[in-house]
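Chemist: how would this look folded up:
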Amino acid sequence: MKVIETALPGVLIIEPKVFGDHRGFFLESFQTERYRDAGIDLPFVQDNHSRSQRGVLRGLHFQRTRPQGKLVSVSRGSVYDVAVDINPESPTCGQYVGVELNDENHRQLWVPPGYAHGFCVLSEVADFQYKCTDLYFPEDEGGLIWNDPEVNIPWPIEQPLLSGKDQLNPSLQQLIEQKG
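Modeler: This is a model prediction of the structure:
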């Protein structure tokens, strides 16, 4: 597999080796030793799968006291996937990495614990999988507003379909003030 470092510390784009022919394809979506060698050495404890329609934007989410690392991929369709550094003590606080993940490029994104994460759906439907390094605790969930002008993510959709909860997420500045 090919591992691509990004501008954010620890955030990696992974391109698994795909073996294809006229019958279809095969790839290893995860293999402990290979991913450990790439720097992903936390144990995964939960796998999640979501299906969303075109225009849905989920995020930007994180857990406050039990942060999750996430290895994300798309098995059907296409999404624009984003990780945002929300650590006020980090020199890259407020910066993001965005990458298209789809069922043709088979890319994965490793989002280490402590980053906010979200995605929007570019295809008619997308099936999104993610392996997590900690369990999900609803009472521990936090969020960053998807359109924070300070972060300035160029989402490739104009009118996203958002959950009520995601419409109310705070700005980066509000998050920093809450931590202080």
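Chemist: From His22, how far off is Asn105?
Modeler: Applying CB to CB, to the nearest Å, the value for Asn105 to His22 is 20 Å. Just so you know, the C-beta spots here come from the backbone N, C-alpha and C atoms, and that holds for glycine as well.
Chemist: More neighbours: the two, which one.
Modeler: Counted by other CB atoms under 10 Å, Asn105 and His22 do not tie: Asn105 has more neighbours, with 14 against 4.
Chemist: quick one: pLDDT of the closest residue to the more buried one other than its chain neighbours?
Modeler: Residue nearest to Asn105 in three dimensions, not counting chain neighbours: Glu15, with 7.4 Å by CB to CB, 6 or more residues apart in numbering. As predicted, Glu15 sits at a pLDDT of 94.
Chemist: Phe19 too?
Modeler: pLDDT for Phe19: 91.
Chemist: For the closest residue in space to it that isn't next to it in sequence, give me its contacts.
Modeler: Counting by CB to CB, 6+ apart, the nearest residue to Phe19 once its immediate chain neighbours are dropped is Phe26, at 4.8 Å. Listed by CB atoms under 8 Å, 6 or more residues apart in numbering, the contact set of Phe26 reads 18-20.
Chemist: I'm done for today, thanks for sticking with me.
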